[in-house]
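Chemist: Below is the sequence, then the predicted model.
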Amino acid sequence: MTRLESWGRLPRTSDSEAFSLHWQSDFLNLVRRKGTTLLPYGLGRSYGDSCLSDHGTLLLTRGLDRFISFDVENGIIRCEAGVSLAEILKLVVPKGWFLPVTPGTKFVTVGGAVANDVHGKNHHVDGTFGHAVCSLELIRSDGSRRECSRIQNHDVFYATIGGLGLTGLITWVEFKLKKIYSTKIDQEVIKFGGLSDFFALSRESEHNFDYTVSWIDCLASRENLGRGLFFRGNHAKTPTLDLQAGMNAETRTKVRVPFDLPSLAMHPLAVKAFNLAYYHKQLAKNHVSQVPYDPFFYPLDAIHDWNRIYGKRGFFQYQCVVPFTSGTDAIRDILSEISKAKLGSFLAVLKTFGDKPSLGMMSFSRPGVTLALDFANTGDEVLKLFDRLDGITTAAAGSVYIAKDARMSASSFRHYYPRWHEFAHFVDPRFSSSFWQRVTKL
């Protein structure tokens, strides 16, 4: 028995059995002789319990790490589900291709990217990862195999994208890459003073910039509420003479958090001081530069085990999305609650989603504005804050991201994901997770 954690290290689940998969036959042998529930587990970057299973069997998929095919001319790649986004970048960037959509870490498996239908800085242009998926293979616990696409087994395809790993074991995924000519990003960073400025910058940027995102000072209040730094960029159009050399130059010196930091590190005064310094580090209102893609997309990947900054009690992330019709007021109300509670951290991200509908029944992304914040685990204090934030999100007809959740109530889940009952018909009878058990129990 072993205990595998989520990235937030919450909730603390009972020990699960872990079974490493290296070949598809390993899974078929397992389902013939095991009676516990099953759940795929990749690199464990889901923040809550959607990647955990109390007393179940976790299927460790990193052994399914083979590349099957790569059409270099057309940018179509097929690989097993345990391949990481970092490994894909290492292969495709020197050939002039990039990930179609990427979350804020490259230490995610392809299976995890599909199961959580991840989004990135380019949602307003390209949608979610699911939009780039051409086809995938799914093995069910009864041993049946299904190749799924928009045409073939399309209902299972739409259930599996964003399906939290519950529809069966994804063995391989084929998806379309994005053409690039350089390893550099033309970046502009703009200091803004509040939410109205953020929304104006988002509207101004969405037609000319593929990538947009903002860091905000979540502890600012009154006239400074919602202030932050707006990042926007495009892949550089000037070709890198040697993409492999450019890829090698992306290598950064990495540091590691060697132990769990004491709670003092996340004291409100320390967080407030950091946010103040980070906001004012850029003296000019606008700063234009050309930067390597790695720090632009993956700033936190340079710090291994950064989740230990929050101490041994772990941390929560609260990520919500609210529609544009209520977005300004709802985000202002949420930020006001966080500022009053003085519980936010230095990681607070604000971004708009585009109008491209997500493919998955259980996908999170939808048109509107999304806010993601980390919170140290302070027990009842922070959980009561989340209840208040849920009330604002629900009243605004919004939703909370399952991949980041560790405490959503069953009633909230059913409100946020009204197609859950339809999705339940596609869940493999042997597959379950701590999250699924928590939100579907009677």
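Modeler: Looks like it came in fine.
Chemist: for stretch 146-154, which positions count as buried?
Modeler: For stretch 146-154, the neighbour count (16 or more other Cβ atoms under 10 Å) marks 146, 148, 153 as buried. Bear in mind the C-beta positions are built from the backbone N, C-alpha and C, glycine included.
Chemist: Pull up the distance across it, start to finish.
Modeler: Distance between the two ends of stretch 146-154: 10 Å, counting by Cα to Cα, to the nearest Å.
Chemist: Any chance you could list what contacts it?
Modeler: Outside stretch 146-154, the residues within contact range by Cβ atoms under 8 Å, 6 or more residues apart in numbering are 134, 135, 136, 137, 138, 139, 140, 156, 157, 160, 168.
Chemist: Please list all residues in contact with the fourth one.
Modeler: Think residue 137. Contacts of residue 137 by Cβ under 8 Å, 6+ apart are 145, 146, 147, 148, 170, 171, 172.
Chemist: Then the first one?
Modeler: The contact partners of residue 134, taken as Cβ under 8 Å, 6+ apart, are 76, 149, 174, 175, 176.
Chemist: do the same with the fifth one
Modeler: With contacts defined as Cβ under 8 Å, 6+ apart, the neighbours of residue 138 are 145, 146, 148, 156, 160, 167, 168, 169, 170, 171.
Chemist: which one of those has the most neighbours?
Modeler: For the contacts of residue 138, the largest number of neighbours (other Cβ atoms under 10 Å) sits with residue 160, at 31 neighbours.
Chemist: which residues touch that residue?
Modeler: For residue 160, the contact set (Cβ under 8 Å, 6+ apart) comprises 114, 115, 136, 138, 148, 167, 168, 170, 360, 426.
Chemist: element containing the closest residue to the last one other than its chain neighbours, please.
Modeler: The spatially closest residue to residue 426, leaving aside those adjacent along the chain, is residue 159, at 3.7 Å (Cβ to Cβ, 6 or more residues apart in numbering). Using DSSP states H and E, the secondary-structure element containing residue 159 is helix 154-160.
Chemist: can you check residue 388 too?
Modeler: Assigned by DSSP H and E, residue 388 falls within helix 380-395.
Chemist: Following that helix in sequence, what is the next regular element?
Modeler: Following helix 380-395 toward the C-terminus (DSSP H and E): strand 399-400.
Chemist: list the helices and strands that following strand packs on?
Modeler: Strand 399-400 sits against strand 315-322, helix 380-395, helix 410-416, with contacts defined as 3 or more Cβ pairs under 8 Å, 6 or more residues apart in numbering; DSSP states H and E.
Chemist: Please report the distance of the closest residue to residue 367 other than its chain neighbours from residue 323.
Modeler: Using Cβ to Cβ, 6+ apart and skipping the chain neighbours, the partner closest in space to residue 367 is residue 355 (5.0 Å). With distances taken as Cβ to Cβ, to the nearest Å, residue 355 is found 11 Å from residue 323.
Chemist: who's more crowded, these two?
Modeler: More crowded of residue 355 and residue 323, by other Cβ under 10 Å: residue 323, with 16 against 11.
Chemist: Relative to residue 43, how far out is the more buried one?
Modeler: 32 Å.
Chemist: Over to residue 320?
Modeler: 24 Å.
Chemist: okay, the two: which has more neighbours?
Modeler: Neighbour count, other Cβ under 10 Å: between residue 320 and residue 43, residue 320 has more, with 26 against 21.
Chemist: Contact partners for that one?
Modeler: Going by Cβ under 8 Å, 6+ apart, the list of residues near residue 320 reads 334, 370, 371, 389, 393, 398, 399, 400, 401.
Chemist: my guess is the second one is in a helix, correct?
Modeler: Read that as residue 370. No. Counting by DSSP: H, G, I helix; E, B strand; the rest coil, residue 370 falls outside a helix, being strand.
Chemist: Any idea what the residue lying closest to it once chain neighbours are set aside is bridged to?
Modeler: What sits nearest to residue 370 in space, not counting adjacent residues and going by Cβ to Cβ, 6+ apart, is residue 321, at 4.3 Å. On the basis of DSSP bridges, residue 321 is bridged to residue 370, residue 399.
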